[in-house]
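Q: Need the 3D shape of this:
(chains A, B, C and D)
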There are 2 protein chains.
Amino acid sequence: MPRRDVSGDGRPRPATIRDVARRASVSVATVSRILSGTYPNAPATRSKVMRAVRELDYVANAHARGLAGVRPKSVAIVVNTVTSPHYAHVAQGVHEEAARTGRLCTVGTTGGDPERELAAIQLLREEHAEAVILVGNINPDEAYHARMVGYARALAVAGSQLVLCGRPPLGPDVPAIVVEYDNHGGAFAATSHLLSAGHKRILFLGRQAGYTTQESRIAGYRAALAAHGVPHDPALEVDSTMERREGYRMMRERLDAGPRDFTAVFTSNDQLAAGARAALRERGLSVPEDVSMVGFDDLPPSADIDLTTVHVPHEELGRTAVRLALKSETPGSAEHVLLGTHIVVRNSVRPHVGEASATD
Amino acid sequence: MPRRDVSGDGRPRPATIRDVARRASVSVATVSRILSGTYPNAPATRSKVMRAVRELDYVANAHARGLAGVRPKSVAIVVNTVTSPHYAHVAQGVHEEAARTGRLCTVGTTGGDPERELAAIQLLREEHAEAVILVGNINPDEAYHARMVGYARALAVAGSQLVLCGRPPLGPDVPAIVVEYDNHGGAFAATSHLLSAGHKRILFLGRQAGYTTQESRIAGYRAALAAHGVPHDPALEVDSTMERREGYRMMRERLDAGPRDFTAVFTSNDQLAAGARAALRERGLSVPEDVSMVGFDDLPPSADIDLTTVHVPHEELGRTAVRLALKSETPGSAEHVLLGTHIVVRNSVRPHVGEASATD
DNA sequence: CGCGTGAGTTAAACCGTTTACACAGTCTGG
DNA sequence: CCAGACTGTGTAAACGGTTTAACTCACGCG
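A: Take a look at the predicted model:
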């Protein structure tokens, strides 16, 4: 019945707390208490134990500790991919904050597949992590939402604090911390910036129906047009995913399709802007001389191409998520934080002095 | 003495295997067997149990399972940062392969600090993960190496297979799987490509003493020069880190320092190439018309700027690491794999027809 | 009819921690 | 001088699974 390896090969096994206790001639309870440091102990005993720990190179077994009821020090994060810059930077923030407090992160990737997201959460239920952070953008449908609500409750029961990062709340009765950032306000500011420079024909690149992030951004764009009394032309809204190639392709198609009917471009993220910019250059149009452009995200490479863009606090998003999740002792908090975004002005916008510029 | 929550608040607790057993009127052993599927069982019992599982929304506690001696399904990866493209892509490969087999990844970041790397490993010892994958480039010194060897042994004892990814072996008696890629060969090919196009003055950008990756690349560069009988001029080797800004800065300095003394550039990675290219353009020099350029890494954005570069199988590096680690039942394997690199020819190199081009 | 046989199930040991409680000293104050 | 507080340590019961060995029951065979 025992599985203790006394038998054959004698493959070494890690030292246990019992080995330490034996070597230091104390009980296991004493060792445990001294290592956790939360109990009174005699200096002499303490040094005996610490020596035994060192000599045996003892580290505690995380499984045993977790089972014994100590909350494991771990946070989990579920992202789309680890290669896309936005996710990577949020993850970076999560890692920073986690590392500050001596934690590692469990990372699950979904490739944008809601099914895989749900599967990852199911797996994470087993781990009883302190926090489970779901980051980014999804295209929620009814069935998905219902299942997610159930899973969220299950996580709470398992003792994991759920955090939604850059994604809307699940509902009033689902306990989750929500850390969003101001997509609408950022898009409003970006569009206003172009409008103030005299642009009236502003192409919006990167519409994607159903995805909450993109919808907020386009809503901000429309709101700014309305606020400035500039007519909204649906033909200026171009569907595309968020990848650079797509920005390149869509801009190229647009330019090839007929005469240019815009003087400025607002893209749903910086990668689209970079792609669109490349397409423009190929057609002999430069930014900002011929076309003004504003992006969204403020990723590091955007500084190199002097792109005016909306700064998103990626890292802070991640840090805040972790901080809030670990703050409350008992999981099941519900909180809603909205981080600000602001426009970073570089050199990709020029005033537009159009034909009869001053009407209205 | 018990901690079972019968007392006050009645906060719900996750269902345990005992709850399932009770509900299905069988013993816990039966439930365990049926769920693990590795034992004969009667169909009637099976469906009873499965129903109870569904009704109670039972998932097994990973800690308990781990403690009971079942190898937890988890792989760990330790990287520099999650935002740098090379690491991100390797991590992506690791995640892919892990996800394929239903595993999540634990990720530790070091920020390039050897101390933090060692700390992460120490933390990972507690987890008893199946595999611990250390990725990338370091600047090993004597003390670090000694400690790492000790930690590597400890990991083996804990049952975790150590994998070194893009980093040289620790030593013949340290059990680790090593997955490298051909830095030397790639650099040799890249340099040869430029030499064959008639270039004799090739700037090497990105030398960094002590870092194994960069040293292999510069060695390949020198070997190619020697093989083609082109004299090696140390003044053409420029120190720099691997960041884009640095490439921009160093190239700018070089151009400002005096007349241009090179016709081609080989950079230690694509990001340096992008930076250097930007600096060249600012001075009115274009690639490839005025200066030929070859990079290293073949990151996605490099296709957009038509950069000829050395393809590194980032994702495959990660996938191979996981695959090999999980292959062997017992940890402590030692294996050395060298993945190939190859040059991807785009449009950043032009033949150089120099003054008196044909001497030697 | 006795008995092995094998499929299906169970009781109990065990994994390595933490912690509630008991207990032995040592001080302190009345 | 003794009750009571305080210190430090030990004992043993959890935590929630897996696994071994034993047991039950029907069945087929000699």
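Q: So what's the residue count around the one residue in the stretch 201-350 of chain A that gets nearest to DNA strand D?
A: Closest approach between the stretch 201-350 of chain A and DNA strand D, counting by Cβ to the nearest atom of the strand: A:Pro331, at 15.5 Å. Glycine gets a C-beta too; all of them are placed from N, C-alpha and C. By the measure other Cβ atoms under 10 Å in any protein chain shown, the count of residues near A:Pro331 is 21.
Q: So for it, what's the pLDDT?
A: Confidence at A:Pro331, expressed as pLDDT, is 80.
Q: nearest residue to it other than its sequence neighbours?
A: Excluding the flanking residues, the one nearest A:Pro331 by Cβ to Cβ, 6 or more residues apart in numbering or on different chains is A:Gln161, at 3.9 Å.
Q: and the one you found, what is it in contact with?
A: Shown in contact with A:Gln161 (Cβ atoms under 8 Å, 6 or more residues apart in numbering or on different chains): A:130-132, A:155, A:177, A:325-326, A:328, A:331-333.
Q: ok, what's across the strand from it?
A: A:Ala131 (DSSP bridges).
Q: roughly how far apart are it and DNA strand C?
A: To DNA strand C, A:Gln161 is 19 Å away according to Cβ to the nearest atom of the strand, to the nearest Å.
Q: What's the first helix or strand after the lowest-mean-pLDDT helix or strand in chain A?
A: In chain A, no helix or strand scores lower on mean pLDDT, DSSP states H and E than helix A:300-304, which sits at a mean of 82. Note on helix A:300-304: by DSSP states H and E, the next helix or strand toward the C-terminus is strand A:308-311.
Q: Please save the CA atoms from that next one in PDB.
A: Coordinates of each C-alpha in strand A:308-311 appear next as PDB, following Å, rounded to 0.1, in the frame of the first residue of the first chain:
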ATOM      1  CA  THR A 308      -0.100  60.500 -33.500                       C
ATOM      2  CA  THR A 309      -2.100  58.000 -31.600                       C
ATOM      3  CA  VAL A 310      -4.300  57.300 -28.600                       C
ATOM      4  CA  HIS A 311      -2.300  56.100 -25.600                       C
END
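Q: what lines up beside that strand in the sheet?
A: In the sheet, strand A:308-311 lines up against strand A:292-297 (parallel), strand A:342-344 (antiparallel) (DSSP bridges).
Q: Now the shortest one: buried residues?
A: So that's strand A:342-344. A:343-344 (16 or more other Cβ atoms under 10 Å in any protein chain shown).
Q: distance between that strand and the chain's centre?
A: Chain-centre distance of strand A:342-344: 19 Å, with Cα atoms, centre = their mean, to the nearest Å.
Q: Which residues outside that strand are in contact with it?
A: Strand A:342-344 is contacted from outside by A:186, A:189-190, A:193, A:294, A:298, A:308-311, using Cβ under 8 Å, 6+ apart.
Q: can you tell me which two in those residues are farthest apart?
A: Farthest apart among the contacts of strand A:342-344 by Cβ to Cβ are A:His193 and A:Asp298. That separation is 13.8 Å.
Q: Between the two, which is the more surrounded one?
A: A:Asp298 (24 against 20).
Q: got a pLDDT number for that one?
A: As predicted, A:Asp298 sits at a pLDDT of 97.
Q: ok, it to A:Leu205 distance?
A: 17 Å (Cβ to Cβ, to the nearest Å).
Q: Figure out the helix or strand that the closest residue in space to A:His352 that isn't next to it in sequence lives in.
A: Nearest in space to A:His352, with sequence neighbours left out and distances taken as Cβ to Cβ, 6+ apart, is A:Gly198 at 4.0 Å. Secondary structure assignment for A:Gly198, by DSSP H and E: no helix or strand.
Q: thinking again about what came up before, and of the strands paired with strand A:308-311, who's closest to A:Gly220?
A: Closest approach to A:Gly220 among these (Cβ to Cβ): strand A:292-297, 9.7 Å.
Q: who's in contact with the closest one?
A: Contact partners of strand A:292-297, identified using Cβ under 8 Å, 6+ apart, comprise A:85-86, A:186-187, A:190-191, A:193-194, A:197, A:199, A:217, A:263-274, A:276-277, A:287, A:302, A:307-310, A:312, A:314, A:343, A:348-350, A:352.
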